[in-house]
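>>> 3D, please:
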Amino acid sequence: MTSCENCGIEHSGKYASGRFCSSRCSRSFSTSKTREEISKKVAKTLKSKTVFIEKICPVCLTTFKVTKRRIGKQSCSIKCRSKLSNSRPGVREKLSIARTQAIIDGKTNDKSIKCTYTFNDSQIRCDSKIEYACLHYFETVHNAISMKRCNESIEFDDNGQKRRFIPDFIIETEKDCFIVECKSFVSVKSLNEKWRKYNELSILKRDILTKFATETHRKPFWFTKDLHAAYYGNIKPAMQ
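The predicted structure follows:
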């Protein structure tokens with residue numbers, strides 16, 4: 001008795017050269033390498049068609065990629081996920097500071113429209129169409145003489161939890177200096193908890209921005225696509 005080289009079943013060895021138990025196993029063995037190569041090519045093709053989205057881990061600030069189906073993934077690894085889920089106030093405070101610094105450094109999650117606005121031969125990073133429209137508004141309407149991204153973090157209290165946010169731009173005109181935030185409210189009939197919180201924080205941030213601007217002798221400016229629809233609707237920035 002001998003074993004079939006394809007399926008491993010013991011047989012008498014009478015079929016052909018005795019290497020296989022049947023013609024079916026003989027054919028299967030001869031085409032196995034070809035099938036393996038085909039499978040690799042198919043897998044490579046499917047992988048090349050997969051759309052990946054870059055995200056920034058809020059814990060370690062590492063850039064990692066996810067597919068559209070896993071867009072809700074927040075951290076790059078199990079270790080970072082464990083830290084992210086830690087409810088200790090000290091940990092949340094460190095993560096908040098790290099995320100704030102990442103935004104100042106221009107590290108943002110790739111969920112929004114990315115573009116740049118050219119002003120006085122310099123490039124200003126925009127993380128959304130509404131930011132681009134805001135810069136265009138100040139240049140054309142207010143004759144801005146200086147525009148740059150804001151790198152000042154504002155702390156505020158949200159029901160006992162310390163939060164931070166960074167206004168979008170510092171813009172100077174011949175008469176005034178503005179600290180600007182670009183924001184839009186989410187208007188749908190039924191909002192889930194996430195978007196209800198977004199709207200609530202937007203209202204709170206507007207009040208905080210006004211107070212902060214007054215304390216630093218500047219003017220607050222809240223740019224929205226609803227109040228400035230003419231500038232938002234007609235803008236078509238070149239996307240990155």
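>>> low-scoring stretches of the protein, by residue?
6, 13-14, 16, 29-36, 38, 42-50, 83-113, 185-198, 238-240 (pLDDT under 70).
>>> Which residue ranges make up each domain of this protein?
The record's domain parsing of the chain by automatic domain parsing lists 2-38, 50-111, 113-240.
>>> Switch these over to TSV; also include mean neighbour count.
Backbone N, C-alpha and C define where each C-beta goes, glycine included. Shown next, in TSV, are the domains of the chain (neighbours: other C-beta atoms under 10 Å):
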stretch	mean neighbour count
domain 2-38	13
domain 50-111	14
domain 113-240	15
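>>> my read: L135 touches S128, true?
No. Assessed by C-beta atoms under 8 Å, L135 is found out of contact with S128, at 11.4 Å.
>>> Pretty sure C182 sits against F223.
Yes. Using C-beta under 8 Å as the test, C182 is close enough to F223 to be in contact (4.6 Å).
>>> Between these two, which contacts overlap?
130, 133-134 (C-beta atoms under 8 Å, 6 or more residues apart in numbering).
>>> Mind checking which of those are in helices?
Within the shared contacts of C182 and F223, residues falling in helices by DSSP state H are 130, 133-134.
>>> Of these, just say which sits nearest to S28.
I130 (60.7 Å; C-beta to C-beta).
>>> what separates the closest one from T210, distance-wise?
Computed with C-beta to C-beta, to the nearest Å, the distance linking I130 and T210 is 19 Å.
>>> just C21 next, same as before
84 Å.
>>> again, but for I154
11 Å.
>>> quick one: the helices in this structure?
23-49, 78-84, 89-104, 129-141, 193-215, 229-233.
>>> Distance check, P237 against I130.
Taken as C-beta to C-beta, the span from P237 to I130 is 10 Å.
>>> I meant I154, not that one.
Distance from I154 to I130, by C-beta to C-beta: 19 Å.
>>> ok, R69 to I53 distance?
Separation of R69 from I53 (C-beta to C-beta) stands at 10 Å.
>>> whoops, I mixed them up, C134
Distance from C134 to I53, counting by C-beta to C-beta: 25 Å.
>>> again with K68
Applying C-beta to C-beta to K68 and I53 gives a distance of 7 Å.
>>> Please name the nearest non-neighbouring residue to F156.
Excluding its sequence neighbours, the residue lying closest to F156 (C-beta to C-beta, 6 or more residues apart in numbering) is I208, at 4.6 Å.
>>> isn't the one you found right next to D158, touching?
No. Between I208 and D158 there is no contact under C-beta under 8 Å: 10.0 Å.
>>> now do the same end-to-end measure for stretch 163-172.
This stretch, stretch 163-172, spans 27 Å end to end (C-alpha to C-alpha, to the nearest Å).
>>> who's in contact with that stretch?
Stretch 163-172 is contacted from outside by 96-97, 100, 103-104, 124, 131, 134-135, 138, 142, 144-157, 177-182, 201, 205, 208-209, 218, 221, using C-beta under 8 Å, 6+ apart.
>>> same deal with stretch 141-155?
Counting by C-beta under 8 Å, 6+ apart, 100, 104, 117, 119, 124-125, 135, 138-139, 162-174, 179-180, 208-209, 212 sit against stretch 141-155.
>>> Let's see which of the residues you listed end up in strands.
117, 119, 124-125, 162-165, 169-172, 179-180 (DSSP state E).
>>> Could you work out the most separated pair of these?
The distance between the two most remote of the ones in strands among the contacts of stretch 141-155 (C-beta to C-beta) is 34.1 Å, for F119 and K162.
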